[in-house]
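A.B. asks: got a predicted structure plus its sequence, pasted below:
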There are 2 protein chains.
Amino acid sequence: MSRDDGGVDDDPPMKWNGWGDPEKARDLPLAVRTLLPLLLGRIRRPEPAVELDAVHISASALSAEDRAAFRAAVGAQHVDESAEARIRHAGGRSTPDLLRRRLVEQDVPDAVILPADHDEVRACLAVAVERGIAMIPHGGGTSVVGALDPERGSHHAVVSLDLRRLSGLIRLDERSGEAVLAAGTTGPDAEASLAAHGLELGHYPQSFRYATIGGFAAARSSGQNSAGHGRFDTMVTGIRVATPTGDIELGRSPGTAAGPDLIKVFLGSEGIFGVITEVRVRVHPVPHGRVLESWSFPDFAAGAEGLRLVAQQGGGPTVIRLSDEAETAVSLAQVGRIGKALAKGASVVTVYEGDDIAQRRARISALLAEAGGTSEGEGAAEEWLKGRFDGPYLRDALLDAGVFCETLETATTWSNLQALRSAVDSALKAGFADSGARSYVMCHVSHVYPTGASLYFTVLAGVRSDPLAVWEPVKSRVNDAIIATGGTISHHHAVGRDHAAWLAQEIGDTGIRILAAIKRELDPTGILNPGAVIPIERTH
Amino acid sequence: MSRDDGGVDDDPPMKWNGWGDPEKARDLPLAVRTLLPLLLGRIRRPEPAVELDAVHISASALSAEDRAAFRAAVGAQHVDESAEARIRHAGGRSTPDLLRRRLVEQDVPDAVILPADHDEVRACLAVAVERGIAMIPHGGGTSVVGALDPERGSHHAVVSLDLRRLSGLIRLDERSGEAVLAAGTTGPDAEASLAAHGLELGHYPQSFRYATIGGFAAARSSGQNSAGHGRFDTMVTGIRVATPTGDIELGRSPGTAAGPDLIKVFLGSEGIFGVITEVRVRVHPVPHGRVLESWSFPDFAAGAEGLRLVAQQGGGPTVIRLSDEAETAVSLAQVGRIGKALAKGASVVTVYEGDDIAQRRARISALLAEAGGTSEGEGAAEEWLKGRFDGPYLRDALLDAGVFCETLETATTWSNLQALRSAVDSALKAGFADSGARSYVMCHVSHVYPTGASLYFTVLAGVRSDPLAVWEPVKSRVNDAIIATGGTISHHHAVGRDHAAWLAQEIGDTGIRILAAIKRELDPTGILNPGAVIPIERTH
């Protein structure tokens, strides 16, 4: 079922130069406006952002033959060379992406191609190989690591392959608890199609409202319910991929020792090996009950100890997250309420879903209390639940107000958690200080594992000069600190182009050689997403 | 810590031509001897097996220079060209392996090399590359899929790289619940070293007493406690590998989106890409309590439905397994008691370990009762627990008595379970019938997942002619049936050489191309385990 065939689509198109539904865009709340000068000093309001029709772009580099070949593959109406379509596919939603969308001169793909199904994806790949055109697979467009940059590599043109028409529930096996979803299905569409059968996927990253099933797989996404339902990786039981040199369909059995698990080669591949067209996922009945509970801890260290006990015992809540002192104080997650009451210590949000909540909650509460936590009732947890997808709207308002705001994330073992948090915090603060900017750094843990946890940082900075130029060395310094302190270069945002240099340090030269060998085998002319994950020069 | 440096080794060497501790070898129990003619007709006792010193082998093909180079790498006393060492490394422990060990003419490796550590493994690889010698990595020697065949490919000699000296606990991070174990550490040695810290790995495959940590990783092993602690795959958080063209160390963080998970490239690689030298695993406190409970169901279908409910709800027992009517009737798992009481229906064994057993058991019992199960107390479960590592001893006694006995396994989704069981059962019976042999086929489910389960078959047959010749087409027919019916070619025995032809059907040509590309990159001269996992001709 493609959207053209009657698929439901309730989500308005993403704002072209910011996050989400343009109707939901908002001014900076009064409380935030009051607090910012205290944290960051006086902020200069920037020039207003450029309007869509004032953006300068190059003429499409597609030749008449290129155009005709793509039109033959997907139909003329699905080859879009309009300025708006090309600008809308010029990048993802990192802060640098949004800053670039505010400029008059923009680098954009030469066309947007919209195939209807797997076979049309294959046909598009054949055209790209035949005619030497780079191709950037595009799901919901929510990448924050530069995976959607219109990089043409050594090719004469680059197109965005927008997968939105590959949408919907393709097959459902209720007995086995498995659903096959088309790669371009958005989070809400996936959940709506499953809810009709009383089922849930349960994957709720912050990008949920726009990101797609194929994108979750390609980027190794992790959602807010990961404590209960796992990372997206662990939900995937099968995958169908069209590569430039052949199709592959993997995952016939839930437990197998039939050679290395090649599904894992495509999870995290960000479109460099092939285009994911279908994903088979584990689904479960929609949970009945839901109980929210907030906790406060004297400090981050005590809270982290509580989360460790919970993660190592297992059978915990569906959601568990810990905000450090800085994040707890300004409660950034509570859009519109920032600064209302400057909380002390470190706060924890827990959400329980399912049947046996009382038993689980009693067990988990004992562990959190043992670590020094105090139950605070539903309050903060309810606020978090309400605003959990809204953080990016606040970022747009901050950027409008001239405040630099970006997020980044990593993960490590429990024993290394404090050292890594401290190293990243220092790198961010020192990096901005070097450019003369005051910054405010917040951190939370939102994904826990028996052996370690994620660390998610939000930084606000009062940047006075070109924010893109200021941020680049800070980001580089942070990535160096992450690698030096034993963290991973990304917990759930993936690699894209922004992290590619550090991936080589994380997996070593032999690791890069493995990825490059797979790339050369499946995509020998290097048309797919050049420069993402591994540097272009490693793939020849 | 290597065994030479004081590591504990309580396990006597494996019987050279059978399973396990020679002291534990046993005659066929009276009850079995009584039952066999009823099931299989009259059995002719075979010629006695050959004695070790009567086996004919070729002279070692190592040249004086080859020998000198390996001696320089590991020390002269660790290059073993004795007939006994070579014969002991001639294969694994499949029934065809054991039948070949009963022959006078045997194909064996030219030497056994025993490196002490990672660096010596690297040195051995360099010698093998430099001198064009094939190398078969050897852990516990328990492969049942031909992964240890002394295949030299296009090389002039083949050596077995025995990793037993890479043994012991290398690092322990108690806070994070992670242990780094040397690849040659056996199951009992790993558990003993962890138990000293109050910790457990919890991986108990039937090969536990002899198999090694590196072998578990290389073959994607799954143990009897998989319902509680997962497959070995899921326990691995890091890996160190020496390849012919460079080292790789992976897994710095428990949750990561830093590109594809390359650990998974090595899990299931059976030594074709490199030699695993260290494995980091998740460990947990030794569980306190243990409760056993057996259940009976009217038939296999009802029992499978019970297991499905348990697996899909989650938080179940540590062990759960279901024997079909044929296995329940003869209770083969109860060595020595076979046929004592021919039970009816299908039996389920559950084992609960840990803290909150009462709650979990109440929840699971309700599900099993809902599916038509009746609790039968501890009895059968206790018998299973006692004899759970002893099945292979019984096979030796059966082979001595002239009864062909082999096992094989697969897995599929819950909705396809009955169809797959029926297809394999038919293929086994029809295959033996074609050769004029009566057979008895038993099946159990021993590993459950939310989306499906394993199927493990044991077949007994009264084969009158050369059992190796009779078995080959039967096994081939079964593998065809597995692929045609949507099963995986292996749930936990891996691919080796015996399943390589069917792996290509399971993962397709593009899948094989990916594996071959990695192989060519890491092992360009193809010295490592030629012909395992992928056919030799695909790796040039």
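C.D. replies: Perfect, I can see it now.

A.B. asks: from now on I want contacts and neighbour counts done on CA atoms only, so please keep to that.
C.D. replies: Noted.

A.B. asks: show me the contacts for the residue of the stretch 251-400 of chain A found nearest chain B.
C.D. replies: Residue nearest to chain B within the stretch 251-400 of chain A: A:Thr256 (4.1 Å; C-alpha to the nearest C-alpha). Contacts for A:Thr256 (C-alpha atoms under 8 Å, 6 or more residues apart in numbering or on different chains) come out as B:220, B:410-411, B:488-492.

A.B. asks: and those residues, which is closest to A:Arg131?
C.D. replies: B:Thr488 (38.9 Å; C-alpha to C-alpha).

A.B. asks: separation between A:Ser94 and A:Pro524?
C.D. replies: Using C-alpha to C-alpha, to the nearest Å, A:Ser94 is found at 30 Å from A:Pro524.

A.B. asks: same deal with A:Leu468?
C.D. replies: 34 Å.

A.B. asks: check A:Ser63 too.
C.D. replies: 23 Å.

A.B. asks: which one's more surrounded, A:Ser94 and A:Pro524?
C.D. replies: A:Ser94 (21 against 17; other C-alpha atoms under 10 Å in any protein chain shown).

A.B. asks: was I right to think that one contacts A:Glu406?
C.D. replies: Yes - judged on C-alpha atoms under 8 Å, A:Ser94 makes contact with A:Glu406 at a distance of 7.5 Å.

A.B. asks: how about low-confidence regions in chain A?
C.D. replies: A:1-11, A:331-343 (pLDDT under 70).

A.B. asks: name the nearest residue to the residue in the stretch 51-200 of chain A positioned nearest to chain B, sequence neighbours excluded.
C.D. replies: Closest approach between the stretch 51-200 of chain A and chain B, counting by C-alpha to the nearest C-alpha: A:Ser176, at 4.5 Å. Nearest non-adjacent residue to A:Ser176, counting by C-alpha to C-alpha, 6 or more residues apart in numbering or on different chains: B:Thr451, 4.5 Å away.

A.B. asks: what's the answer for A:Gly303, then?
C.D. replies: A:Phe297 (5.5 Å).

A.B. asks: just checking, the one you found touches A:Gly373?
C.D. replies: Yes - contact criterion C-alpha under 8 Å: A:Phe297 and A:Gly373 qualify, at 4.7 Å.

A.B. asks: need the overlap of contacts for these two.
C.D. replies: Shared contacts of A:Phe297 and A:Gly373, counting by C-alpha under 8 Å, 6+ apart, come down to A:Gly303.

A.B. asks: ok so A:Ser221 is a helix residue?
C.D. replies: No - A:Ser221: not assigned to a helix; according to DSSP: H, G, I helix; E, B strand; the rest coil it is coil.

A.B. asks: so A:Trp295, which of the three states?
C.D. replies: strand.

A.B. asks: wait, doesn't it sit right on A:Ser375?
C.D. replies: Yes - with contact defined as C-alpha under 8 Å, A:Trp295 counts as touching A:Ser375 (4.4 Å).

A.B. asks: more crowded one of the two?
C.D. replies: A:Trp295 (24 against 16).

A.B. asks: up against chain B, what does the stretch 101-250 of chain A have?
C.D. replies: A:173, A:175-178, A:219-221, A:246-250 (C-alpha under 8 Å from any C-alpha of the partner chain).

A.B. asks: of the residues you listed, which is the most crowded?
C.D. replies: A:Arg220 (31 neighbours).
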